[in-house]
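> this one's sequence-less:
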């Protein structure tokens, strides 16, 4: 079950909790006050009714003659209720003896249970009843208590309407409810102020974390608060300073390593060029040398070429790392570019080409040639006899898709996730091959430099498939899906 969005912040929860506590406190206080007020109002009405009924009963008691039958009870009720005929009755009366009840009005009904209890009791009883949707307080005052079954008790009753008392209680209820409204509003405002002051350190910490996440290492937050929040702010500032220091150190070390690689590569270029020229001469005359010397010369020549290629790759990598690599775009025919790439390296007869004629793209021909040479070269050398390359245009918004595939054993699963990392080779068993392990990394960097992508396509079938996506000639974003 997801949490409601309104309660997603600690501020909202704190305000809500504070308001709930205030509402509950106000409700309990109002409830207790209302019960006390109800008890006082009804108690006062009951005391008045009992006093009035007892006084009236004491006035007529000396004239009573026992036992009283129905007519005697009616006469007693008329004596208790001196209201003139036709006048509006406010307080109604009744009397009972031996289970016989007489009332001053036909609308008055004395509860049977109250009659039974009152006639056998010596205590004054009171009960609230409903008569014609109106509340009445019924008071029972025994005049003659029952001594035995042959001497029934005599009880007089008064019915006092509680409309005035209910109005007073209703007014108290309304006033209490109205008084609770400003209390709730004030509690909400107070909760907002408390929440703002309490969560202010958290907001400052959040601002600091956001600055860190955007790369502003070393960001500091003011140490205004004491206690736990102050300790937290101090710890954050120390962590931020440490991150900044470590970041600066790492950047400096990275810059030194990059500069060292670039400097070494450039310094090796000149001697390697001389070595390559000398080795070329020696290779020409290798057949005239003794067998062991000839093999040594050929080995040195091969390793020299490998070293020269590695140096060129390192120089290219250093350009990418330094952000100095540049594109020299030209609008070319992709079919002609692929044909030239294959012809220069003598791969024309070993690769099946499926390229749409006349498909043009605005790219850097040299860098695209590097990408294709690396992908096709891997397919030719390690991918079996059936290497293929296909190029398809995907419209003016989706760019151009170039697929190079082979039917070899494929790249091991353990290497696939790192195949574009530097110095990683697709087959660990060929660690001493002529490749440096930088080819795919350089190929991907060239693809990214064009605004495109180079990916290894997942497939359960045999072989390896690389997908190169280049932007459309209009330089629209490249979509690889």
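Done, it's in. It should be emphasised that the depicted structure is a prediction, and the values quoted were computed from it without experimental measurement.
> Any idea which helix or strand in the protein has the lowest mean pLDDT?
Least confident helix or strand, the chain: strand 387-393 with a mean of 74, by mean pLDDT, DSSP states H and E.
> Pull out the buried residues from it.
387, 388, 389, 391, 393 (16 or more other CB atoms under 10 Å). Quick note: C-beta positions are derived from backbone N, CA and C, even for glycine.
> Toward the C-terminus, what is the element adjacent to that strand?
strand 400-406 (DSSP states H and E).
> Tell me what angle that next one forms with strand 387-393.
With axes from the mean of the first three to the mean of the last three CA atoms, to 10 degrees as the basis, strand 400-406 and strand 387-393 are set at 170 degrees to each other.
> I'd like the average pLDDT over strand 400-406.
Across strand 400-406, pLDDT averages out at 87.
> With stretch 316-326 instead?
Rounded mean pLDDT across stretch 316-326 is 79.
> cool, stretch 338-350 as well?
88.
> for stretch 163-171, same thing?
Here the average pLDDT along stretch 163-171 is 82.
> Can you give me the buried ones in it?
165, 168, 169.
> The second one against residue 42, yeah?
Right, the one you point to is residue 168. No - assessed by CB atoms under 8 Å, residue 168 is found out of contact with residue 42, at 9.9 Å.
> Which strands and helices lie in contact with the longest strand along the chain?
When every strand of the chain is counted residue by residue (DSSP state E), the longest turns out to be strand 134-144. The contact analysis (3 or more CB pairs under 8 Å, 6 or more residues apart in numbering; DSSP states H and E) places strand 134-144 against helix 10-60, helix 112-119, strand 125-131, strand 154-161, helix 163-213.
> What residues sit buried inside it?
Judged by neighbour count (16+ other CB under 10 Å), strand 134-144 contains these buried residues: 136, 137, 138, 139, 140, 141, 142, 143, 144.
> for the stretch 251-400 of the chain, what spans make up the helices?
291-322, 334-344, 365-382 (DSSP state H, counting those that start in this stretch).
> With distance to residue 444 and mean neighbour count added, can I get the ones you listed in a markdown table?
Putting these into a markdown table (distance: least, CB to CB, whole Å; neighbours: other CB atoms under 10 Å) gives the following:
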| stretch | distance to residue 444 | mean neighbour count |
| --- | --- | --- |
| helix 291-322 | 10 | 16 |
| helix 334-344 | 18 | 17 |
| helix 365-382 | 8 | 21 |
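> what bits of the stretch 251-400 of the chain have low per-residue confidence?
262, 265, 384-385, 392-398 (pLDDT under 70).
> Relative to residue 469, how far out is the nearest residue to residue 440 once chain neighbours are set aside?
Distances taken as CB to CB, 6 or more residues apart in numbering place residue 420 nearest to residue 440, at 5.2 Å, with adjacent residues excluded. Distance of residue 420 to residue 469, given as CB to CB, to the nearest Å: 15 Å.
> Neighbour count for the two, which is higher?
residue 469 (22 against 17; other CB atoms under 10 Å).
> Please name the bridge partners of the more buried one.
residue 401, residue 453 (DSSP bridges).
> Hmm, it is touching residue 371, no?
No - taking contacts as CB under 8 Å, residue 469 lies outside contact range of residue 371: 11.2 Å.
> what touches both of these two?
Common neighbours of residue 469 and residue 371 (criterion: CB atoms under 8 Å, 6 or more residues apart in numbering): 447, 454.
> sorry, back to before: so which one of the buried residues of strand 134-144 is the model least confident about?
residue 144 (68).
> Not counting its neighbours along the chain, what's nearest residue 183?
Leaving out its chain neighbours, residue 183 is closest to residue 26 (CB to CB, 6+ apart), at 5.1 Å.
> again with residue 405
Closest to residue 405 by CB to CB, 6+ apart is residue 465, at 4.1 Å.
> list the contacts for that neighbour?
403, 404, 405, 456, 457, 459.
> what about 10 Å?
Neighbouring residues of residue 465 by CB atoms under 10 Å, 6 or more residues apart in numbering: 375, 379, 383, 388, 403-406, 410, 455-459.
> what's the answer for residue 114, then?
96, 125, 126, 127, 129, 138, 140, 155, 157.
> The first one belongs to a strand, doesn't it?
Looking back up the chat, that one is residue 96. Yes - applying DSSP: H, G, I helix; E, B strand; the rest coil, one finds residue 96 inside a strand.
> what about the residue nearest to residue 440, distance to residue 313?
In terms of CB to CB, residue 420 sits 14 Å off from residue 313.
> now residue 185
For residue 185, the distance to residue 313 - CB to CB - is 73 Å.
> Could you do residue 462 as well?
30 Å.
> quick one on the thing from earlier: ok, which pair from the buried residues of strand 387-393 is furthest apart?
Pairwise distances across the buried residues of strand 387-393 peak at 21.9 Å for 387 and 393 (criterion: CB to CB).
> and the residue nearest to residue 440, what are its phi and psi?
phi -100, psi 0 (degrees, to the nearest 10).
> tell me, how many neighbours does the nearest residue to residue 301 once chain neighbours are set aside end up with?
Excluding the flanking residues, the one nearest residue 301 by CB to CB, 6+ apart is residue 279, at 4.3 Å. Neighbour count for residue 279, taken as other CB under 10 Å: 21.
> ok, residue 279 touching residue 285?
No - in this structure residue 279 lies outside contact range of residue 285 using CB atoms under 10 Å: 11.2 Å.
> where does the stretch 101-250 of the chain have low pLDDT?
105-108, 144-152, 225-226.
> re earlier: overlap in contacts, residue 168 and residue 42.
What both residue 168 and residue 42 touch, as defined by CB under 10 Å, 6+ apart, is the set residue 162.
> Identify the farthest-apart pair in the contacts of residue 465.
So, the contacts of residue 465 by CB to CB: farthest apart are 388 and 458, at 18.1 Å.
> one step back: any shared contact partners between residue 279 and residue 285?
In contact with both residue 279 and residue 285: residue 297, using CB under 10 Å, 6+ apart.
> Could you dump the helices of the stretch 251-400 of the chain into a markdown table with distance to residue 174 added?
Conversion of the helices of the stretch 251-400 of the chain to a markdown table gives the following (distance: least, CB to CB, whole Å):
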| stretch | distance to residue 174 |
| --- | --- |
| helix 291-322 | 79 |
| helix 334-344 | 86 |
| helix 365-382 | 84 |
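> between the ones you listed, which one is nearest to residue 220?
Nearest of the helices of the stretch 251-400 of the chain (CB to CB): helix 291-322, 31.2 Å.
> Could you give the separation of the closest one from the chain centroid?
55 Å (CA atoms, centre = their mean, to the nearest Å).
> And for stretch 365-374?
Centre to centre, stretch against its chain (CA atoms, centre = their mean), the figure for stretch 365-374 is 46 Å.
> repeat for stretch 22-32
With CA atoms, centre = their mean, you get 35 Å for stretch 22-32.
> go on, stretch 410-420?
36 Å.
> Would you report the backbone torsion angles of residue 328?
In terms of degrees, to the nearest 10, the main-chain angles of residue 328 are phi -120, psi 90.
> got a list of what the closest residue in space to it that isn't next to it in sequence touches?
Once flanking residues are discounted, residue 328 sits nearest to residue 364: 5.2 Å by CB to CB, 6+ apart. In this structure, residue 364 makes contact with 325, 326, 327, 328, 329, 330, 332, 370, 446, 449, 450, judged by CB under 10 Å, 6+ apart.
> What is the most widely separated pair among those residues?
Farthest pair in the contacts of residue 364, by CB to CB: 325 and 332, 19.2 Å.
> That'll do, ta.
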